[in-house]
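K.L.:
Everything below, folded, please.
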Amino acid sequence: MRPRVLVTGGSRGIGAACATRLAKEGWDVAVHYHSGEEEASKVVRDVEDAGVRGVALQADLGDVASCDQLVSGAVSALGGLDSVIANAGVYDRAHLEDLPPERWARTISVNLSGSFLVIRAAVPQLT
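P.N.:
A predicted model of the protein is given here:
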């Protein structure tokens, strides 16, 4: 059986590079995305071109139930999980004095709490 990984923020950038690299090394990959469905689908095609299983899964990492569903979807699609790469993150290009508190709260929710929530949901599933 091949190892299985969930990569959050896997639709572009570092996450996409991690997903395709792990696929080339023989890992089945669940590619998480928030709003980049087309990009995630392309990464999944690249993963599958490496001869392993790939699946794209949408989730809002700022929402507890969505994080739980993301992990359960990855487990269901891949038959389990061996690892999680908590890569997803948002970044606001604003000067501190121009950054509304609600946008800062969203950044913390996704970048910090989202990683915690996904890993928390995944721990009982990790083999």
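K.L.:
quick one: contacts of stretch 108-125?
P.N.:
6, 8, 61-62, 64, 67-68, 70-72, 75, 80-81, 84, 86, 88-90 (C-beta atoms under 8 Å, 6 or more residues apart in numbering). From N, CA and C alone the C-beta is placed, and that goes for glycine too.
K.L.:
Can you flag which of those residues belong to helices?
P.N.:
64, 67-68, 70-72, 75 (DSSP state H).
K.L.:
Mark which of those residues are buried, thanks.
P.N.:
Buried members of these, scored by 16 or more other C-beta atoms under 10 Å, are 67-68, 70-71, 75.
K.L.:
Could you dump those into a markdown table with distance to residue 101 and pLDDT added?
P.N.:
Formatted as a markdown table, these follow (distance: C-beta to C-beta, whole Å; pLDDT from 0 to 100):
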| residue | distance to residue 101 | pLDDT |
| --- | --- | --- |
| 67 | 23 | 98 |
| 68 | 27 | 98 |
| 70 | 27 | 99 |
| 71 | 29 | 99 |
| 75 | 36 | 99 |
